[in-house]
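Colleague: Sequence and predicted model, in that order:
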Amino acid sequence: MKKSVVALVSSLLVLGTVLAGCGQSNSAPPANSTDQNQNQSAETPKGEQVLRMNLHAEPPTADPGLSEDNISGAVIRAVFDGLTRLDKNAKPIEGVAEKIDISDDKLTYTFHLRDSKWSNGDPVTAHDFEFAWKRVLDPATAAPYAYQLYYVKGAEAYSKGKGSRDDVGVKALDDKTLQVTLEHPTPYFLELTAFYTYSPVPKKVVEANKNWANEASTIVGNGPFKMESWDHKNQMTLVKNDSYWDKDAVKLDKIKFSMIEDENTELSMFQQGDFDWAGKPLSSLPTDSIPHLKDEGILQSVPLAAVYWYKFNTEKPPFNNAKIRKAFAYAINRQEIIDNITQTGEVPATGAVPTTMTIKPDGYFKDNDAATAKKLLDEGMSELGITKLPPITLSYNTNEAHQKIAQAVQDQWKKNLDVDVTIQNQEWKVYISTLHSGDYQIGRMGWLGDFNDPINFLELFKEKDNGTNDTNWENPKYKDLLNKALVEPDTEKRKQLLIDAEQILMDEMPIAPVYFQTDAWVQNPKLKDVTVDVLGNIDFKNAYFEN
């Protein structure tokens, strides 16, 4: 699912998105600290219920159809409401749809919409959903997550310019009834309808202004909150949406987001009482602070359906050679990174599918297999007819943890492979553009699951041009196995198809998995009912401060 701006985060994944992966049970709720700063952070805002948090970075967009990262996703989840919404266990519950009929063959879903309004007072209709989904699929939109709608009949053909818009299986039967026909039975479809790409958008507003989602004054949503202000790269304020159908469940009056990239500053502001939350899933904690926060008993941590990995550009030498890619992957000491840098219960990743949904628990290779790595490097260089590697650059987006991990991997590759690697960082929006354009060799990324099923991680690499691959790798047999898994009704047969597909992915190694992730954070003890699920989604709908 979701690309993560920070140390991924489901997600998923978010990410992911996205979003499993961590093998650590939830720690105890934060205890009251005797530290003066912690006492300050515990103060409940006077009068209004105001949540103060950090987004870590500027959201690239507030458009549900164009979003592809966890920070934008969190804002969209607050400002928009889909047909369904996920509860704290990442299970779908009714959203705008108050009743859902499913045909016996599991191919036709009929959503009956409740009375609900856009923040400008207009009614939310089934036509808005039909428009939104077909807009995502329109090739001219170039939506990065268009493929998430390919479960709908005719969606993939239309998105790829091989079919008609009218043949897409989503149709507003009237203002209150949306009928959806699927290509094949999809047991997790109602989880998908909670994902932001499936959110409605106001047809009249979008058609009148192509930049409607870039400024607070023009953003129209249908969620628990509406956007009051957006001072780009600085601050964003959301306020309770009195037009929301379930407004009585919303207790917060405001959410004030800052956009501070430095994790130490964020944690300091939490300790001084300026923030009510610090860390995941929208930022990260300084790695050096983790032991102290654990000792204080205020660190919270949950397993995440998410993976942290490095992508190889398989069209640029020397990583156009699978053995060289595997050499670099095998030469990473994952446990060392977890023990010394991340420190919140992550699990070494020797496969692509996180532990919350793993299909092969033992993985596909050994962590820190330096001997095999050196052998594969020599063989790969011989196959390419070279005796010396070209200059190698490892790229990452600006973040303290990403930097420390990159430096550790740089040292490990020098130690295990005797390879000199340059590391470089870029601001998130520039970095993601660099990956999409293929102007990189090795790039940090993570995936936060959109729903808790292995297919969501494996399908990322099904096609080289799907908007989330970036590796330029594609394999016909891999694609065929995933296509068969999509329609296989037998659970065990489907599992084996997915294992066979993951084996190909790990044999050709367009990615180097590093670890399966956790979300870790600290929060004001008086803040209640902020939902953080295994997919890395954070939801403020039911949040409140205890008096």
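Modeller: That came through fine.
Colleague: Could you list the low-pLDDT ranges of this protein?
Modeller: 1-46 (pLDDT under 70).
Colleague: redo that, cut-off 80
Modeller: For the chain, residues meeting the criterion pLDDT under 80 lie at 1-47, 450, 467.
Colleague: Where does residue 308 sit: helix, strand or coil?
Modeller: Following DSSP: H, G, I helix; E, B strand; the rest coil, residue 308 is assigned to strand.
Colleague: Now do it against residue 448, distance only.
Modeller: As judged by C-beta to C-beta, to the nearest Å, residue 308 and residue 448 stand 10 Å apart. Placement of C-beta: from N, CA and C, glycine included.
Colleague: cool, and residue 467?
Modeller: Applying C-beta to C-beta, the value for residue 467 to residue 448 is 16 Å.
Colleague: now swap in residue 522 and tell me
Modeller: 21 Å.
Colleague: now residue 457
Modeller: 10 Å.
Colleague: can you pull out the strands in the stretch 1-150 of the chain?
Modeller: Assigned by DSSP state E, counting those that start in this stretch, the stretch 1-150 of the chain shows strands spanning 50-54, 84-86, 92-94, 97-102, 108-113.
Colleague: Just to be sure, residue 337 is in a helix?
Modeller: Yes - the assignment for residue 337 is a helix, going by three-state DSSP.
Colleague: Help me confirm that it comes into contact with residue 514.
Modeller: Yes - at 6.7 Å, residue 337 counts as touching residue 514 under the criterion of C-beta atoms under 8 Å.
Colleague: tell me, what's touching those two both at once?
Modeller: Common neighbours of residue 337 and residue 514, counting by C-beta atoms under 8 Å, 6 or more residues apart in numbering, are 405, 409.
Colleague: Compare these two and say which is more crowded by neighbours.
Modeller: The neighbour count for residue 337 versus residue 514, taken as other C-beta atoms under 10 Å, is higher for residue 514 (26 against 23).
Colleague: Mind listing the strands the host helix or strand of that one pairs with, and their directions?
Modeller: Assigned by DSSP states H and E, residue 514 belongs to strand 511-523. Applying DSSP bridges to the sheet, strand 511-523 is found paired with strand 277-279 (antiparallel), strand 300-312 (antiparallel), strand 347-348 (antiparallel).
Colleague: for the ones you listed, which one sits closest to residue 122?
Modeller: strand 277-279 (33.2 Å; C-beta to C-beta).
Colleague: Mind listing what's buried along the particular helix or strand that has residue 381 in it?
Modeller: Assignment of secondary structure by DSSP H and E places residue 381 within helix 370-384. By 16 or more other C-beta atoms under 10 Å, the buried positions in helix 370-384 come out as 370, 373-374, 376-377, 380-381.
Colleague: can you put the residues you listed in a markdown table and add distance to residue 500?
Modeller: A markdown table is the format used below for those (distance: C-beta to C-beta, whole Å):
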| residue | distance to residue 500 |
| --- | --- |
| 370 | 28 |
| 373 | 25 |
| 374 | 29 |
| 376 | 22 |
| 377 | 27 |
| 380 | 24 |
| 381 | 29 |
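Colleague: just the residues you listed now: which is nearest residue 536?
Modeller: For these, the nearest to residue 536 is residue 373 (30.9 Å; C-beta to C-beta).
Colleague: The closest one contacts residue 417, correct?
Modeller: Yes - with contacts counted by C-beta under 8 Å, residue 373 reaches residue 417, the gap being 6.2 Å.
Colleague: what sits in contact with each of these two?
Modeller: 327-328, 331.
Colleague: Could you save the strands of the stretch 1-150 of the chain as TSV and add columns showing mean neighbour count and distance to residue 179?
Modeller: Putting these into TSV (neighbours: other C-beta atoms under 10 Å; distance: least, C-beta to C-beta, whole Å) gives the following:
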stretch	mean neighbour count	distance to residue 179
strand 50-54	22	38
strand 84-86	22	16
strand 92-94	16	17
strand 97-102	16	9
strand 108-113	20	5
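Colleague: Mind checking those for the one nearest to residue 251?
Modeller: Residue 251 lies closest to strand 50-54 among the strands of the stretch 1-150 of the chain, at 10.0 Å (C-beta to C-beta).
Colleague: what's the offset of that closest one from the middle of its chain?
Modeller: Relative to the centre of its chain, strand 50-54 is centred 21 Å away, using C-alpha atoms, centre = their mean, to the nearest Å.
Colleague: and what of stretch 47-67?
Modeller: Counting by C-alpha atoms, centre = their mean, stretch 47-67 comes out at 15 Å from the chain centroid.
Colleague: ends of it, how far apart?
Modeller: The straight-line separation of the ends of stretch 47-67 (C-alpha to C-alpha, to the nearest Å) is 34 Å.
Colleague: tell me which residues in it are buried?
Modeller: Applying 16+ other C-beta under 10 Å to stretch 47-67 flags 49-67 as buried.
Colleague: and if you look at stretch 344-358?
Modeller: For stretch 344-358, burial by neighbour count (16+ other C-beta under 10 Å) applies to 344-358.
Colleague: does residue 213 sit in a helix, a strand or a coil?
Modeller: coil.
Colleague: how about the helices in the stretch 251-400 of the chain?
Modeller: Under the criterion DSSP state H, counting those that start in this stretch, helices of the stretch 251-400 of the chain are mapped to 263-271, 290-296, 322-330, 334-337, 370-384, 400-417.
Colleague: hang on, the earlier thing: can you say which of the strands paired with strand 511-523 is packed in most?
Modeller: When those are scored by mean count of other C-beta atoms under 10 Å, the highest mean neighbour count falls to strand 300-312 (a mean of 29).
Colleague: what inclination does that strand have with respect to helix 322-330?
Modeller: Put simply, strand 300-312 runs at 150 degrees to helix 322-330, going by axes from the mean of the first three to the mean of the last three C-alpha atoms, to 10 degrees.
Colleague: Can you check what angle separates strand 300-312 from helix 400-417?
Modeller: With the same axes, to 10 degrees applied, the angle from strand 300-312 to helix 400-417 works out at 50 degrees.
Colleague: Residue 494: which element?
Modeller: Element membership for residue 494, per DSSP H and E: helix 491-508.
Colleague: residues making contact with that helix?
Modeller: Here helix 491-508 makes contact (C-beta under 8 Å, 6+ apart) with 322, 325, 351-353, 359-360, 364-365, 454-455, 458, 461, 473, 475, 477-478, 481-482, 484-485, 488, 511.
Colleague: okay, that helix in PDB with CA atoms only?
Modeller: The C-alpha trace of helix 491-508 is given here as PDB (Å, rounded to 0.1, in the frame of the first residue of the first chain):
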ATOM      1  CA  THR A 491      -7.000 -21.700   0.500                       C
ATOM      2  CA  GLU A 492      -4.000 -24.100   0.500                       C
ATOM      3  CA  LYS A 493      -3.600 -24.100  -3.300                       C
ATOM      4  CA  ARG A 494      -3.700 -20.300  -3.200                       C
ATOM      5  CA  LYS A 495      -1.100 -20.200  -0.500                       C
ATOM      6  CA  GLN A 496       1.200 -22.400  -2.500                       C
ATOM      7  CA  LEU A 497       0.800 -20.200  -5.600                       C
ATOM      8  CA  LEU A 498       1.800 -17.200  -3.500                       C
ATOM      9  CA  ILE A 499       4.800 -19.100  -2.000                       C
ATOM     10  CA  ASP A 500       6.000 -20.000  -5.500                       C
ATOM     11  CA  ALA A 501       5.600 -16.300  -6.600                       C
ATOM     12  CA  GLU A 502       7.600 -15.100  -3.600                       C
ATOM     13  CA  GLN A 503      10.300 -17.600  -4.300                       C
ATOM     14  CA  ILE A 504      10.700 -16.100  -7.800                       C
ATOM     15  CA  LEU A 505      10.900 -12.600  -6.300                       C
ATOM     16  CA  MET A 506      13.600 -13.700  -3.800                       C
ATOM     17  CA  ASP A 507      15.500 -15.600  -6.500                       C
ATOM     18  CA  GLU A 508      15.700 -12.500  -8.700                       C
END
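Colleague: related to what we said a few turns ago, specify which residue of residue 522 and residue 448 has the higher count of neighbours.
Modeller: The residue with more neighbours, out of residue 522 and residue 448, is residue 448; 39 against 24, by other C-beta under 10 Å.
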